[in-house]
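Trainee: Return a 3D structure for these sequence lines:
(chains A and B)
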Amino acid sequence: MVHGEIWTLKELFCLPNEYIYWSIQIVMYPFMTGLVAGAFVLSSLYHVFGVKQLKDIARFALVFSLALLPVAMMPLLLHLQQPFRGINVMMTSHFTSAIAAFGIVFMTYGSIVASELWFLYRKHFVTTAMALKEKRNKSQFEWLRFLLFRTLTLGAYDISEESLKKDEKAVKVLAGAGIPVACFLHGYAGFIFGSVKANALWMTPLMPVIFIMSAIVSGIALCMLTYIVTMELRKLFVSRKKSSVGGYQTRDEIKSVEIHVIKMTAKYLLLFLILAITLELLDLIFRGYTAVKSWDVLRSVIYGKDFTNIFILQYGLGNLVPFILLLLPGLTLRRTVLSVLLVLFGVFMMRYNVVIGGQAFSLTFMGYMHYEMPMIPDSWETFKEGLFGAVTVAVTPFVLFWILNKVFPVFAYEESH
Amino acid sequence: MITRRDLLKYAIKGAAGLALPLAAFEIMNPKKLLADISGPGKVRWAFVVDTYKCVGCGLCVKACKIENEIPYDANVTRTWVERYVLTKDGKLSADSPKGARDGFETNKIDLGLGQFKDIKNEDIKKAYFVPKLCNQCENPPCVQVCPVGATYQTPDGVVLVDRTWCIGCGYCIMACPYGVRFFHPKYHTAEKCNFCYHRITKGLKTACVQACPFGARMIGNLKDPDDPVAKIITTERVSVLKSEYGTKPQVYYIGLDEEVR
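Mentor: Presented below is the predicted three-dimensional model:
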């Protein structure tokens, strides 16, 4: 079986070699990268622009951004026909290609996030390492923990007021430098698509900007969702244990903090949602108005074959409904959860409609290709480019976040500055 | 004792002093070096397809699949033939079942999804066949987008793929406006027509040219004024596919209809 043949149905006149070569993993790639970039921008809003109300969610967003980072690369590796040669991109980067710089952009971004986190958590590393050092009769686990934290301090044990001030400044600088890099990381994902001149749907200079806006939307939505979930869990712990968890004493205390943070973040979500939708509609209107040669086939895809996916699922359910839900007065947590879930779904559908929709018509403009996602993984290929592969990619950041949270405690750690 | 200030001073002086003589050297581009040694290339491969002569027998497709070891029954092919039928009601139908590997055996147009459209002979206004293959573009978008440089253009103009280095990202397949690229079912790397580079560089014709009983396909050297192919391209009225993409294709067509995509 030829790659792509399993999930492609051809209708009317398609070229013999045409298949949907970029399938669900390439939908996951911009979706996950978008979450990374969005989470980082959200955390920077506090660190750089001093949006005080976002303080609580900022540190959380940064750790989450780090957890998401390796997962942005996962779908790319999973979709490669030769995954073990993936490193070639770094070995012989061919810089006329938009993909070639991926390694560099990705690494730059990764180091910024990692160093920002280091400055942010340096005091925690030092105090933990010191406390473990003092402790006599360490268990094996404590030895490992001690070793880990001692390594993480990188030998910098100075936690005087003065040096912490410097840390704070470094965080600010890194967060500031990170914003353009995060936007670049994702705008660049948009460029990969927008620069394909052979594809009538993808080729638009607006693509990178559209991608950035929807990325921020999805990043904020995911942070809100995870924030609510963790806070709910902590409410549960508080009422069970009847003791303080992470500095909070009672359920009501947590609840008041939680709703405050959520209301604040929702405003930013709405702002970026408006920007994203405006740009997407501009693109659509422009295509219809200029109506170049490809418009006939694009129109039949956008208003015909993919109508449900684009107008009902993406714009309707994914944009309009959460937009109204978030704007209605008296925002509750339950309503927020529903809204952010819908927003995430909307952004996912946007990626889907771009990536799969861009391959839904033939280069001849006389035929169509339908994508049927493999559900049951009966081979390696249908696993990695099917439902299970996509779910694996979607679940991994949460697992990573859980692990990272052990090293970078998102809530329990009392900030000194 | 050397102070920090002194060290910096010496370092700057040293670097500046070294920079001058180093500037005398030039980092040479390998391509430029080759051109300087061997003069401008003497060969630029180009292809001519005479659509008037093509009858859609598919022998070229068969020959290509066998010569280039593309699994015979796999639904991918380096070259293929398209059939266009324009009926009196102004409708255009086109197909290329199995890339026309077995020719066009019936009048029925393949609509995909197992459906066929029967067209009566008396309804046909015009009908013709168009063979397609890689255009070996002068400005190949596939080469531009390859992230690892596994696909490249030779000095004589043919675009090749390095199977040992291709990572299989599929970006080149997406970038080609002609749909000539695919993944090789066995090697799992990008694959395309390379004008039978192993043959033409030894003075042979490509497999498809050799297999065509009607002389609809011709390959030649654009830089040789006496070459029959170069003569056709320079003296006759020819056209190329999808010139709007700026790829400068080097497969020239005689009798190319406006409807051909």
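
Trainee: wait, what's in contact with the residue in the stretch 301-417 of chain A that chain B sits nearest to?
Mentor: With CB to the nearest CB as the measure, A:Thr364 is the residue of the stretch 301-417 of chain A nearest to chain B, at 4.0 Å. For glycine as for every other residue, the C-beta is placed from the backbone atoms N, C-alpha and C. In this structure, A:Thr364 makes contact with A:13-15, B:94, B:261, judged by CB atoms under 8 Å, 6 or more residues apart in numbering or on different chains.

Trainee: Could you list the residues of the stretch 101-250 of chain A in contact with chain B?
Mentor: Residues of the stretch 101-250 of chain A lying close to chain B by CB under 8 Å from any CB of the partner chain are A:102, A:192, A:195-199.

Trainee: where along the stretch 301-417 of chain A do the helices fall?
Mentor: Secondary structure of the stretch 301-417 of chain A (DSSP state H, counting those that start in this stretch): helices located at A:307, A:321-327, A:333-355, A:380-384, A:387-407.

Trainee: Past the helix or strand where A:Leu120 lies, which element shows up next along the chain?
Mentor: Secondary-structure element containing A:Leu120, defined by DSSP states H and E: helix A:102-134. Elements were assigned by DSSP H and E; along the chain past helix A:102-134, the next helix or strand is helix A:140-153.

Trainee: what about residue 212, neighbour count?
Mentor: Here I'm looking at chain A. Around A:Ile212 sit 27 other residues, with neighbours defined as other CB atoms under 10 Å in any protein chain shown.

Trainee: Switch to chain B, please.
Mentor: B:Cys212 has 23 neighbouring residues, counting by other CB under 10 Å.

Trainee: repeat for A:Pro377
Mentor: 15.

Trainee: Phi first, then psi, for it.
Mentor: A:Pro377 adopts backbone torsions of phi -80, psi 90, taken as degrees, to the nearest 10.

Trainee: roughly how far apart are the nearest residue to it once chain neighbours are set aside and B:Thr79?
Mentor: On the basis of CB to CB, 6 or more residues apart in numbering or on different chains, the spatially nearest residue to A:Pro377 that is not a chain neighbour turns out to be A:Phe383, at 3.5 Å. Between A:Phe383 and B:Thr79 the distance is 33 Å, computed by CB to CB, to the nearest Å.

Trainee: If you count surrounding residues, which of these two has more?
Mentor: A count of neighbours by other CB under 10 Å puts B:Thr79 above the other of A:Phe383 and B:Thr79, at 27 against 16.

Trainee: Tell me who's in contact with that one.
Mentor: By CB under 8 Å, 6+ apart, the contact list for B:Thr79 reads B:60-61, B:64, B:99, B:131-133, B:193, B:208.

Trainee: Tell me the one among the residues you listed nearest to A:Ile376.
Mentor: Within those, the smallest distance to A:Ile376 is 30.1 Å, found for B:Gly99 (CB to CB).

Trainee: What distance do you get for the closest residue in space to the closest one that isn't next to it in sequence to B:Lys98?
Mentor: Nearest non-adjacent residue to B:Gly99, counting by CB to CB, 6+ apart: B:Trp80, 3.4 Å away. In this structure, B:Trp80 and B:Lys98 are separated by 8 Å, where distance is defined by CB to CB.
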